[in-house]
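Undergrad: Provide a 3D model corresponding to the input given below.
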Amino acid sequence: MATYEVNPAGVAKARALIDARQYVLDSDWGDVQPSAADENAFLERHTWEEYAQWFLGLTVGPSDESKAGYAFVYGDFRRIHRTGLIAVVYRAAEWRHKDVELAAHELLQHLDATSG
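TA: Numbers count the residues shown, from 1 in each chain. Presented below is the predicted three-dimensional model:
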């Protein structure tokens, strides 16, 4: 199983999106989460640094300029999705990636308080 660390740039981007009210509160994450084609299209127009900001986890091992280096996407490359954060909390908890789980949980609480 892969090992993950919290991605500080991803947490900062998510918090900034919440503070700027760039969020979707109700969506079907299975339908809106970025596909591999969406990720490739984003990378054609943006840097790896910008791509990395959309993930709450960094995979220990792979290089920074590899999609394998990033895990736990939380948005659609435009806005943060509440269901995306819920999915991160669930998946990270399921696989016992506690630091990522807690980071996503804190962001979810911030989103709920902000959007309340």
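Undergrad: and the helices in the protein?
TA: Remark: helices assigned in the chain by DSSP state H are 8-19, 29-32, 36-45, 48-52, 82-94, 98-115.
Undergrad: quick one: the nearest residue to E50 once chain neighbours are set aside and T114, what's the gap?
TA: Nearest residue to E50, sequence neighbours excluded (C-beta to C-beta, 6 or more residues apart in numbering): F42, at 7.9 Å. The C-beta positions use only the backbone N, C-alpha and C, and glycine is treated the same way. Between F42 and T114 the distance is 25 Å, computed by C-beta to C-beta, to the nearest Å.
Undergrad: out of these two, which sits in the busier spot?
TA: Between F42 and T114, counting by other C-beta atoms under 10 Å, F42 is the more crowded of the two (16 against 13).
Undergrad: so that one makes contact with A52?
TA: No. Applying C-beta atoms under 8 Å as the test, F42 and A52 come out as separate, 11.1 Å apart.
Undergrad: quick one: buried residues of stretch 15-22?
TA: Neighbour-count burial for stretch 15-22, with 16 or more other C-beta atoms under 10 Å as criterion, is recorded at R15, L17, I18.
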